[in-house]
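> predicted model, plus sequence, below.
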2 protein chains.
Amino acid sequence: MALWDVIKGFQNSAGPDVNPDLDTERKTASFSVERLTNILDGGAENTQIRRKVNAVLQSDPEFSRENQYFQSQNERYEGAVRRAVYLSKKMDEMGWAIDGPENKYCYRALGDDLAFVVHGVFMKCILGLGTDEQIAKWVPLAEKHYIVGSYAQTELGHGSFLRGLETMAIFDVTTQEFILNTPKISAMKWWSGDLGRTATHAVVFAQLYIKGKCYGIHPFIVQIRSLQDHSPAPGVTVGDIGPKMNFAQADNGYLMLENVRIPKENMLSRFSQVLSDGQYIRQGTEKINYLTMVVFRVHIIQTEVLPNLMKACTIAIRYSVVRRQSELKSGGPESKILDYQTQQQKLLPQVATAYAFHFLCDYLQEVFDRGYAETKEGKFDLLPELHALTSGIKAFTTDYSSAAVEVCRRACGGHGYSLLSGLPSLYTALVASCTYEGENTVLLLQTARFLVKCLGIVKAGQPLPSSVAYLSSISSGKCGAQEKRDFLNPDVYTEAYKQRAFRMVENAAIKLQSLIQSGTPQHEAWNLCSVQLVLAAMAHSHYIVVQNFVNALEKIETEFNIQKVLKHLCDLFALHGIVSSMGDFLQIGHLSEKQSDRVIESYLDLLDLIRPDAVPLVDAFDFSDANLNSAIGCYDGHAYERLFEWAKKSPTNNQDNQTFEKYLKPLFQNALSKL
Amino acid sequence: MALWDVIKGFQNSAGPDVNPDLDTERKTASFSVERLTNILDGGAENTQIRRKVNAVLQSDPEFSRENQYFQSQNERYEGAVRRAVYLSKKMDEMGWAIDGPENKYCYRALGDDLAFVVHGVFMKCILGLGTDEQIAKWVPLAEKHYIVGSYAQTELGHGSFLRGLETMAIFDVTTQEFILNTPKISAMKWWSGDLGRTATHAVVFAQLYIKGKCYGIHPFIVQIRSLQDHSPAPGVTVGDIGPKMNFAQADNGYLMLENVRIPKENMLSRFSQVLSDGQYIRQGTEKINYLTMVVFRVHIIQTEVLPNLMKACTIAIRYSVVRRQSELKSGGPESKILDYQTQQQKLLPQVATAYAFHFLCDYLQEVFDRGYAETKEGKFDLLPELHALTSGIKAFTTDYSSAAVEVCRRACGGHGYSLLSGLPSLYTALVASCTYEGENTVLLLQTARFLVKCLGIVKAGQPLPSSVAYLSSISSGKCGAQEKRDFLNPDVYTEAYKQRAFRMVENAAIKLQSLIQSGTPQHEAWNLCSVQLVLAAMAHSHYIVVQNFVNALEKIETEFNIQKVLKHLCDLFALHGIVSSMGDFLQIGHLSEKQSDRVIESYLDLLDLIRPDAVPLVDAFDFSDANLNSAIGCYDGHAYERLFEWAKKSPTNNQDNQTFEKYLKPLFQNALSKL
């Protein structure tokens, strides 16, 4: 079979066997689904590459995800390692480079079933924090998986607050070694990915001590297990932290170190160095580390948050047009559940959110690229803004998307509760992102700190960075819209979001200042304002997302039909946000009671307007059935048949169990004579 | 060991080994924890019985829950059957009657680890819908587990809308049998508990056909499996529906029937009967069925929703005082995370909710008892109100509690994501209750229909039932409170909730009427108002809960200290609800912008006020460590030690796996010469 046939075979296309209830939805699309897919992919060429990668992987039985929902944690782990090793070979075979476009599409197709994810972080960490010699020594080995590394930062008792980490690395001048120790149980490394059962090495973050003086947190490469027989290295206690809400495939681990000695060369020394006599030298600037955090956050949104949200929307929307229940007209046929306003109100705002976040990713990538370019020229001015922006956006998008996926799941009723629907695992995976790479509340407070600082800059008459520039040009005022259609004007709603964000930041800052002026110690005052500061940072991020969606639409002017439907989604995203936080907009006096009623009317009208395009809009995400791995979200709409087929394969039906013989038979025998 | 010693051994008591960070929290309680526990139990005698049951069960290794989080679906199922069978014996042994007080405490201790839960529904169904002869024949067998029954109502393609069910039961006059069939795949019974691998019988709901005429849905007892060898009965296809988000212990099943013949006597015939000649007779009133639904809903809130919510609060609050992170004072020690306002704002409203729902259960029980008494006297007037009330309350409490538990889980950061914390399973179990026994949106629309009807009754000058009487006596008006302390007046906030509920019902009703008057067909008009109707029903339910909490406090006047702290919680619950839906209160003009600011201030002040009693308040729920089954929520506060101990037991650390030998060793060997 030629590759082209393979691709066609795995592409979504309406065959004769499509459920008519789904088929009719596709016939009335107001726009070209393929063109929208191309836009989402950033060009038709990318769509082609993505489909080719998908086809190659899906035609290879090694990558089958068929039994994923039936597997134990051990089976998931073994499968993930097997597939990761095999994928390396496959990529070599296909000529796909690690930094080529195919790589990200491989991850899109198989991401939640691959090991060595944190191993990638290990490599990036060496590349970012290591000297040229260290990079030359370790990275080639890591690239080929001759070693597997973990990233051991978080401790059992310490998370986001790095200064609190307790692991110690004491420099021993006599042997030119560092001696690493876990002084107490709360100092155990915990959660590190690829560590529990795989890693041979780890970058361990520890407090550096030289001659009794602490120099703060530094990164050290530590060998964890023997390369020969995989037994723990001397002084090392290592293992898996056990079952989690998801990520069964990942061996998150714990690590305890007892007088583990590593050579001096194993401290990653790009930014600080320990000389043989114990002299400590700081060199260069660590500001660039901000960029690492920024790139991780952007990466999370692009590769974890957005695809999961899009998948959930696809599954829920498709299911909602093949599921029929109750009557819209008395005595009529049962109606598609998506024809109920309540169901539209659950799902369509989530589809709008998926599109909003897609365009947000484009923006973040641009912003990051700009920051990266400047940093390479030695300019670090953009970094604090970038850090604040991506902290808030990471928190906003992960929070919002987790909630969105759970709405999608629950909107599928009982079947959304079955793992076979694919929805529970999307939620349980996505919601983890609210916690990892910076807990959301902590991140929002960092954004808030930046925003409060910006108000001070405005007061001092200085200019603000672009993403927060609006804070200096607010014309406090009431919304002028009258009719419900006025609220479909992007100028009207972006202004509302802008006013809200500004006023919430301002109010928190005023409260903060007044507390401090009345004698409350700074830290305490901050704490007493923190709930409001978090909300202000969310409101700011919300504004950024809405404004960016509006901006993005301007760029696709040439695609009239697509622009039109996306404009509806943009309106829906914006008005849904206003309706959901109506109190904020009323409280600052920007909207009147009457206007708030018009917003709700306008919002409900949009549901009706978007409803006919619901299926085409999620089809455009172009996930194959194998990508979705959902019995109820498949392209052909045969939800019930697939649920039944998949259920029959469950080990609960096929593994012999002794329950009847052992416990039930003795009881049931008593009824034999009576029935 | 005497029983008393056993009990003491399993009771929560501060030993010398309690984490000092938790211990100090208990020393400053403003009230007697034991007295509050007694109140929650409905008297000190109940506390004693509950503790005795707990002690007996926990001292029996058969009931150990130690490895629950490590088990496969098959292991969970086998364990649940084993324990359910063993529990029956144990109860006999202890002299605990099925309808005695101990039974519910057994369920509280072991509920999520027992089989035969739906078997209980099967029995109740026969008791409610069967004739005296049918009851006499089947119930004694079921009580002793000589047969195990399932309840087969929901179909693959049909849920809440009973009329849509497709399973058929055709009466064959010649053989005096019913012939049952599953006409197509969407008609398969699906989700039925205890059916997948256990049940010998089921009550199957099917459309009754006599001589070609359909008489609607009726219940039939069908034998599913052989009592002798457990093989499916002729014409029966039965199996397990596979993995779910939780409830691995339950064998939810599917069922397909092909010309399955059952004797005429197997139609449950209390309310309708088929005579030998095919004549159909309806007898008595089925209105009493409402009562069955009502009792189930009250039962769900009491036994599923409330305990899970209380457990989540207990775990999260205890963890939040032993977890320390970051600094509240620069350079000071790391602070307990519960000392952060953001953490208080996450958790304390959930504790308040748990108390609100506890007192709500008392109220629902009273209301139900009254309804039951009246119904026994042949009066059915209360039933529509009871149905509307419990529909809304079921939706409100399950929605609210699911969100609350997830807030608790996420507030525990990374450790809340570990199954060992106990929190993920509380969420995944609780959230199912939003879907089962009536999907929440469907239920809220039923409540809304009743509320709209009530407005019509008011217009007609007729009196309203008590729970909705407020709809007839609304004095539209603005809130008169000025200072922030005014908002701690229950009259002020109950009035606000009342106004909000009334106005939301009224607005939806006005919109509905105007649509109908302008020619929109009734069903369509209803659909176009449904989003607002759902919100109105939620607002009504919210008012009921707040008002009831206020009423409940009046009854514990003699316990001054307890009343005081519960008053704070009641205020917090009420103000948290206002702050979270501020838009509603502003939109109707009940609160002004200025007042809304005061509400927020008052709300934030409450956090500070309640914080010192946080631990005592959750200790009062009196869950033992075994009940909680949480590594981070234990009474002694040794979260980290327990996480480590439990992780070491994980099969990921103890089951041999070939991953290293098969996939990693060949790669690692390449590094041997280089490192």
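Good, I have the coordinates.

> count the residues that sit near the residue lying closest to A:W526 once chain neighbours are set aside.
Closest residue to A:W526 apart from its sequence neighbours, by CB to CB, 6 or more residues apart in numbering or on different chains: A:L512 at 6.7 Å. No exception for glycine: its C-beta is placed from N, CA and C like everyone else's. Using other CB atoms under 10 Å in any protein chain shown, A:L512 has 21 other residues around it.

> was I right about A:L512 contacting A:V452?
Yes: taking CB atoms under 8 Å as the definition, A:L512 is a contact partner of A:V452 at 6.8 Å.

> what is the longest helix seen in chain A packed up against?
Looking across chain A with DSSP state H, the single longest helix is helix A:341-376. Here helix A:341-376 touches helix A:288-300, helix A:306-322, helix A:383-411, helix A:522-554, helix A:560-580, helix A:593-610, helix A:614-619, helix B:522-554, going by 3 or more CB pairs under 8 Å, 6 or more residues apart in numbering or on different chains; DSSP states H and E.

> pLDDT on it, on average?
In this model, helix A:341-376 has an average pLDDT of 95.

> how distant is that helix from the center of its chain?
12 Å (CA atoms, centre = their mean, to the nearest Å).

> over to stretch A:653-667?
The chain centre lies 43 Å from the centre of stretch A:653-667; the measure is CA atoms, centre = their mean.

> buried residues, it. List them.
Under the neighbour-count criterion of 16 or more other CB atoms under 10 Å in any protein chain shown, stretch A:653-667 has A:653, A:659-660, A:663-664, A:667 buried.

> quick one: which of these sit in helices?
A:653, A:659, A:667.

> and those residues as a markdown table, adding pLDDT and distance to chain B?
As requested, these are exported to a markdown table (pLDDT from 0 to 100; distance: CB to the nearest CB, whole Å):
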| residue | pLDDT | distance to chain B |
| --- | --- | --- |
| A:N653 | 96 | 5 |
| A:T659 | 94 | 5 |
| A:L667 | 96 | 5 |
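
> re the thing from before, so what sits against both of A:L512 and A:V452?
Contact criterion CB atoms under 8 Å, 6 or more residues apart in numbering or on different chains; residues shared by A:L512 and A:V452: A:L533.

> A:Y400 and chain B, how far apart?
Distance, A:Y400 to chain B, using CB to the nearest CB, to the nearest Å: 14 Å.

> A:Y543 too?
18 Å.

> tell me if I'm right that that residue and A:M504 touch.
No: contact criterion CB under 8 Å: A:Y543 and A:M504 do not qualify, at 10.1 Å.

> spatially central residue for chain A, please.
In chain A, the residue lying closest to the centroid (CA atoms, centre = their mean) is A:V305, at 3.0 Å.

> could you find the closest non-adjacent residue to it?
For A:V305, ignoring the flanking residues on the chain, the nearest one in space by CB to CB, 6+ apart is A:S401 at 4.9 Å.

> same check, this time on A:G193
When the adjacent residues along the chain are set aside, A:G193 lies closest to A:V118, with 3.1 Å between them (CB to CB, 6+ apart).

> also A:D605?
Closest to A:D605 by CB to CB, 6+ apart is A:K484, at 7.0 Å.

> what's the domain layout of chain A?
A:147-284, A:289-464+A:485-618 (automatic domain parsing).

> quote the end-to-end distance of the first one.
Same thing as domain A:147-284. Domain A:147-284 has an end-to-end distance of 29 Å (CA to CA, to the nearest Å).
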